[in-house]
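Q: Build me a model:
(2 chains)
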Amino acid sequence: AQRVTQPEKLLSVFKGAPVELKCNYSYSGSPELFWYVQYSRQRLQLLLRHISRESIKGFTADLNKGETSFHLKKPFAQEEDSAMYYCALRGPNAGKSTFGDGTTLTVKP
Amino acid sequence: EAEVAQSPRYKITEKSQAVAFWCDPISGHATLYWYRQILGQGPELLVQFQDESVVDDSQLPKDRFSAERLKGVDSTLKIQPAELGDSAMYLCASSLARGELFFGEGSRLTVL
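A: As a prediction, the model looks like this:
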């Protein structure tokens, strides 16, 4: 069974501070990992995926297979980063995508 | 920019009534998903279609929920009869074969 755990429901940081949103997963195999974001009054959208290895809006995430983690990081948080963040896992062959319960990030001025 | 369309945005119904949600995916997206999101939780997959075929409906409560995608384009999710515990946001998403999921704005259901 595939499972995604986001241990923090709420995370609050000050503008300019580093931020890390944790994601741990359980899957027997080689999954694809994603971070989705939902800004206020907007639909859920992709932020980044591990296979692209890109930095999007200053965010990066590294897949650590040994620790089964895919933490999202940004060195200097901005107020516009305030949103709900969901970590998601997808099995091979475009299978089922499983989401964590999300972390609400608040960046204070 | 193409988007996933869903309707209605909001639906209030009484328990034991029937409700239906409609989704129009992005043109060309063969894979369509229905997710249920209960307040404070992440989206939970109810059913996944590949064209008109169901590829995963393991979490769909089949005694009361049904979903169809007859021509492999738009889709309808039905609940009959609705129960209090069905109150949630129903999200539709679509994707290309191994691409990201594109979500609609969702249909918020309240069962009284």
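Q: Which residue comes closest to the residue in chain A that chain B sits nearest to once chain neighbours are left out?
A: Here the residue of chain A nearest chain B is A:Phe99; by Cβ to the nearest Cβ that distance is 3.7 Å. Quick note: C-beta positions are derived from backbone N, CA and C, even for glycine. Excluding the flanking residues, the one nearest A:Phe99 by Cβ to Cβ, 6 or more residues apart in numbering or on different chains is B:Gly42, at 3.7 Å.
Q: what does chain A have sitting close to chain B?
A: Residues of chain A lying close to chain B (Cβ under 8 Å from any Cβ of the partner chain) are A:4, A:6, A:9, A:32, A:34, A:36, A:43-46, A:49, A:86, A:88, A:94-102.
Q: Tell me which of the residues you listed fall in helices.
A: Among these, no member falls in helices (criterion: DSSP state H).
Q: which among those end up buried?
A: A:4, A:6, A:32, A:34, A:36, A:43-44, A:46, A:49, A:86, A:88, A:94-95, A:97-102 (16 or more other Cβ atoms under 10 Å in any protein chain shown).
Q: out of the residues you listed, which are inside strands?
A: Per DSSP state E, strands hold the following members of these: A:Val4, A:Glu32, A:Phe34, A:Tyr36, A:Leu46, A:Arg49, A:Tyr86, A:Ala88, A:Ser97, A:Thr98, A:Phe99.
Q: I'm done for today, thanks for sticking with me.
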